[in-house]
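In: predicted model and sequence below, questions to follow.
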Amino acid sequence: MTLSLWLIPLLPLAGFLVNGLVGSRLPKALVTTVALAAPLAAFLVVVRAALAVANHSVALPYSESCPIGWINAGPIHIDFTFALDQLSLIMLLVVTGVGFLIHIYSAGYMAHEDGYWRYFAYLNLFLFFMTVLVLAENALLMFVGWEGVGLASYLLIGFYFSKTSAANAGRKAFVVNRIGDFGFLIAIFLLLANFGTVSFSGLAAALTANPGTSVALLTTISLCLLVGATGKSAQIPLYIWLPDAMEGPTPVSALIHAATMVTAGVYMVARTHFLFDRAPLALTVVAVVGAATAIFAATIGLVQTDIKRVLAYSTVSQLGYMFLGCGVAAYSAAIFHLVTHAFFKALLFLAAGSVIHGLSGEQDLRKMGGLRKKLPVTFWTMSAGVFAIAGFPLLSGFFSKDAILAAAFNQGTFGKGLYVVGLITALLTSFYMFRLWYLAFFGESRSDDHSHHPHESPWSMLGPLVILAILSVFGGWMGAGEGLGRFGAFLAPVLTPLHPAEPVEASLEYALMGVAVAVALLGWFLAHRFYGSKNDRARALAASAPGVYNLLSGKYYIDELYNRLLVQPVLFISRYILGWIVEGAIVRGSVWVAAGLINLLGEFLRRWQSGNIRSYAGWLVTAAALLLFAVLGVTLGAAGITVHFNWVGH
């Protein structure tokens, strides 16, 4: 059976081309139809593939290659091949499924925005590159999709390009991701130089056949890959672009933060786990980076007042959980959290967008309150997301987060340290999410603007919220049971680590679950104490420790530090030193030299064009004489040569 994998990226590409080329001249209804039909058709192709796998009509792994070779340069042969296995199938279901829901939501949210056709063209383009990234059978083709989602995210984050902050946020995302991409590119070069291939299956086979491959080499390659992953998945130190990405439309935040771009780094680490498994140091660095990012971003989220920025730092923190899972070789648990996070984080962002829509653009939590009865559907669906991310029993986040924490606890003393960090992060997550919940929906309205009355969103926006709420509540059950149940068993052929850890004993697992639930309840209790009723406890706490509060609200001043240590020196070098050498010495110098030569030539030629007839006659006679002498010289010379040859002949 042929799955026609090429249709999955090609359909969103077709939507991009139609709306991008002629969308400005099409009726809005037709733009919407094209924009929604493309991801829906791609999702249906993925569902067809999933059903074929479930019915055993197709065996995994499955691949489709372009009959014409892609790159053939000497010993290097790289094919344009799409591959489907258990990991890529799950990713495709999430990317196209959640992506389609976000497209539906966008039709309502962006209905009155200028550039409607342009927005959907960019959205389809993003989905095209993301599916290429997921389907890629080799690292170079993955890099094509990798760079493509970077381009599309730049366009979407800077969608409101006339707004300075949005334009700056788009540029920041683009530049920071290029730093990470350089590491990915170096890793590709190292793979080609040492293995002669960048095919994932070829690399895995080569390492299996040659177990003595240098650990130092594999560590270097893995760390370069990690640099790329930290950029795309917003980990320390390259996380700084993601909070500013909130300048784009809210559905863009849901698409980028939930199911697509930011998960690419986690997916790449899981896809290349056969390299990391043989580089213990690199795997340790992955775990440390993930744990540090998780708790670091969670502390910043405690004091944010913009509803979207709370969720942005939450995304950075939850991605840290996924990296922590990869770092302790619990790859299936990391991917499971990626899936459940796609459900509840897309829900939270879209629900936040519904709140913003209902308040006519207001994003400040300090100016909200009392929305529980005025936005009932938004309230109940967002509540499902809040309880899911906090890790309440039987909800999706409970299963996936606890699987990562249990895997960390099972990794000896070092792992137990990571477990403590993860547990503290869970407490902070529960606190700041319930803080958002209380500030937005409970109490009385704190808005100063009474000209707009809160109103519920249209069903084109509420429908996706309801579906995502159901997935957030029940989606975790696919991973219930020992070893993540059916989910873990499905991924086992692809993500089984080289050195599997011993399974956690049932009694210990239940104990760890109990601790995690207690932590979630404690976070809710503290949020209720500070924000559940009208009181000054939060303000008094901030006033009692102004240094800590200012440090957190200032986001540890990392942006300012980067600006002082990196951005300003680079700008100084480019503007003054390189500017003086390139622009001053070379560009302007060459212009001055050329202008001087032209002036000299003009000065010489000017004397010929004096307007004096006697001067012209003199020049004419002189030129005629010179011409006559030249002709005479040539004639005499030819005659002399003839006489010479005649004399020699006699």
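Out: Okay, I see it.
In: going forward, measure contacts and count neighbours with C-alpha atoms only.
Out: Will do.
In: mind checking the SS state of residue 82?
Out: strand (DSSP: H, G, I helix; E, B strand; the rest coil).
In: does it touch residue 89 like I think?
Out: No: using CA atoms under 8 Å as the test, residue 82 is too far from residue 89 to be in contact (11.8 Å).
In: helices or strands up against the one helix or strand residue 337 maps to?
Out: Assigning secondary structure by DSSP states H and E places residue 337 in helix 331-358. Helices and strands touching helix 331-358, by 3 or more CA pairs under 8 Å, 6 or more residues apart in numbering; DSSP states H and E, are helix 86-109, helix 250-254, helix 264-271, helix 307-327, helix 376-390, helix 396-409, helix 459-474, helix 485-495.
In: hey, least reliable of these by pLDDT?
Out: Of all these, the minimum mean pLDDT falls on helix 250-254 (a mean of 87).
In: for it, C-alpha coordinates in CSV please.
Out: Taking C-alpha atoms only, helix 250-254 is exported to CSV below (Å, rounded to 0.1, in the frame of the first residue of the first chain):
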residue,chain,number,x,y,z
THR,A,250,-2.4,34.8,19.7
PRO,A,251,-3.1,31.8,17.4
VAL,A,252,0.5,32.1,16.2
SER,A,253,1.6,31.8,19.9
ALA,A,254,-0.5,28.7,20.2
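In: of the helices and strands packed on helix 331-358, which is nearest residue 515?
Out: Closest to residue 515 of the helices and strands packed on helix 331-358 is helix 396-409 (CA to CA; 9.8 Å).
In: quick check, distance from that closest one to the centre of its chain.
Out: 24 Å (CA atoms, centre = their mean, to the nearest Å).
In: what comes up buried for the very next helix or strand once past it?
Out: The helix or strand immediately downstream of helix 396-409 is helix 412-441, counting by DSSP H and E. Using 16 or more other CA atoms under 10 Å as the test for burial, helix 412-441 gives 415-416, 418-419, 421-441.
In: against which helices or strands is helix 412-441 packed?
Out: helix 280-301, helix 307-327, helix 376-390, helix 396-409, helix 506-531.
In: flag the shaky bits of this structure, pLDDT-wise.
Out: Along the chain, the parts satisfying pLDDT under 70 run over 259, 449-452, 578-580, 582-586, 604-611, 619, 634, 637-650.
In: tell me which residue lies nearest the centroid of it.
Out: Nearest to the mean C-alpha position of the chain, by CA atoms, centre = their mean, lies residue 261 at 3.5 Å.
In: and residue 214, backbone torsions?
Out: phi -50, psi 130 (degrees, to the nearest 10).
In: oh sorry, the question was meant for residue 162
Out: Per degrees, to the nearest 10, the backbone of residue 162 is at phi -80, psi -10.
In: grab the nearest non-local neighbour of residue 61.
Out: Excluding its sequence neighbours, the residue lying closest to residue 61 (CA to CA, 6 or more residues apart in numbering) is residue 85, at 4.6 Å.
In: cool, residue 97 as well?
Out: Going by CA to CA, 6+ apart, residue 97 has residue 43 as its nearest residue, at 5.9 Å.
In: verify the contact between the one you found and residue 93 for me.
Out: Yes: with contacts counted by CA under 8 Å, residue 43 reaches residue 93, the gap being 7.0 Å.
In: who are the packing partners of the strand or helix carrying residue 123?
Out: Using DSSP H and E, residue 123 sits in helix 116-135. Judged by 3+ CA pairs under 8 Å, 6+ apart, the packing partners of helix 116-135 are helix 7-22, helix 28-54, strand 81-84, helix 86-109, helix 139-157.
In: in a markdown table: the ones you listed, plus distance to residue 390.
Out: Shown next, in a markdown table, are those (distance: least, CA to CA, whole Å):
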| stretch | distance to residue 390 |
| --- | --- |
| helix 7-22 | 34 |
| helix 28-54 | 29 |
| strand 81-84 | 33 |
| helix 86-109 | 21 |
| helix 139-157 | 28 |
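In: those: which one's closest to residue 402?
Out: Per CA to CA, nearest to residue 402 of the helices and strands packed on helix 116-135: helix 86-109, 20.3 Å.
In: who does the closest one touch, helix- and strand-wise?
Out: Using 3+ CA pairs under 8 Å, 6+ apart, helix 86-109 sits against helix 28-54, helix 116-135, helix 250-254, helix 331-358, helix 459-474, helix 485-495.
In: got CSV for those, with distance to residue 4 too?
Out: As requested, those are exported to CSV (distance: least, CA to CA, whole Å):
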stretch, distance to residue 4
helix 28-54, 8
helix 116-135, 12
helix 250-254, 28
helix 331-358, 24
helix 459-474, 28
helix 485-495, 22
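In: I'd like those helices laid out as JSON lines, including mean neighbour count.
Out: Below are those laid out as JSON lines (neighbours: other CA atoms under 10 Å):
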{"stretch": "helix 28-54", "mean neighbour count": "19"}
{"stretch": "helix 116-135", "mean neighbour count": "26"}
{"stretch": "helix 250-254", "mean neighbour count": "26"}
{"stretch": "helix 331-358", "mean neighbour count": "28"}
{"stretch": "helix 459-474", "mean neighbour count": "21"}
{"stretch": "helix 485-495", "mean neighbour count": "18"}
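In: among those helices, which is nearest residue 409?
Out: That would be helix 331-358 among those, by CA to CA, at 13.5 Å.
In: off-centre distance for that closest one?
Out: 15 Å.
In: stretch 405-415 now?
Out: In terms of CA atoms, centre = their mean, the centre of stretch 405-415 is found 29 Å from the chain centre.
In: kindly report the same for stretch 81-91.
Out: 19 Å.
In: from here on, count from 10
Out: Understood, numbering begins at 10; the last thing we discussed is stretch 90-100.
In: return it as CSV; C-alpha atoms alone will do.
Out: Provided in CSV are the C-alpha atoms of stretch 90-100 (Å, rounded to 0.1, in the frame of the first residue of the first chain):
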residue,chain,number,x,y,z
THR,A,90,13.4,10.8,1.2
PHE,A,91,10.4,11.0,3.5
ALA,A,92,10.2,8.4,6.2
LEU,A,93,7.4,7.3,8.5
ASP,A,94,8.0,5.4,11.7
GLN,A,95,6.3,5.4,15.1
LEU,A,96,7.9,8.6,16.3
SER,A,97,7.2,10.6,13.1
LEU,A,98,3.6,9.3,12.9
ILE,A,99,2.8,10.6,16.4
MET,A,100,4.4,14.0,15.6
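In: list of residues touching it?
Out: Contacting residues not belonging to stretch 90-100 are listed as 14-15, 55, 59, 69-75, 141, 143-147, 280, 348, 499-500, 502-504 [CA atoms under 8 Å, 6 or more residues apart in numbering].
In: let me see the contact set for the closest residue to residue 507 other than its chain neighbours.
Out: Distances taken as CA to CA, 6+ apart place residue 286 nearest to residue 507, at 5.9 Å, with adjacent residues excluded. Residues in contact with residue 286 (CA under 8 Å, 6+ apart) are 292, 338, 506, 507, 508.
In: again with residue 205
Out: 84, 85.
In: cool, residue 451 as well?
Out: 378, 379, 380, 381, 541.
In: please repeat the previous calculation with a cut-off of 6 Å.
Out: Counting by CA atoms under 6 Å, 6 or more residues apart in numbering, residue 451 makes contact with 378, 379.
In: for it, give its distance to residue 532.
Out: 17 Å (CA to CA, to the nearest Å).
In: wasn't residue 81 part of a strand?
Out: Yes: according to three-state DSSP, residue 81 belongs to a strand.
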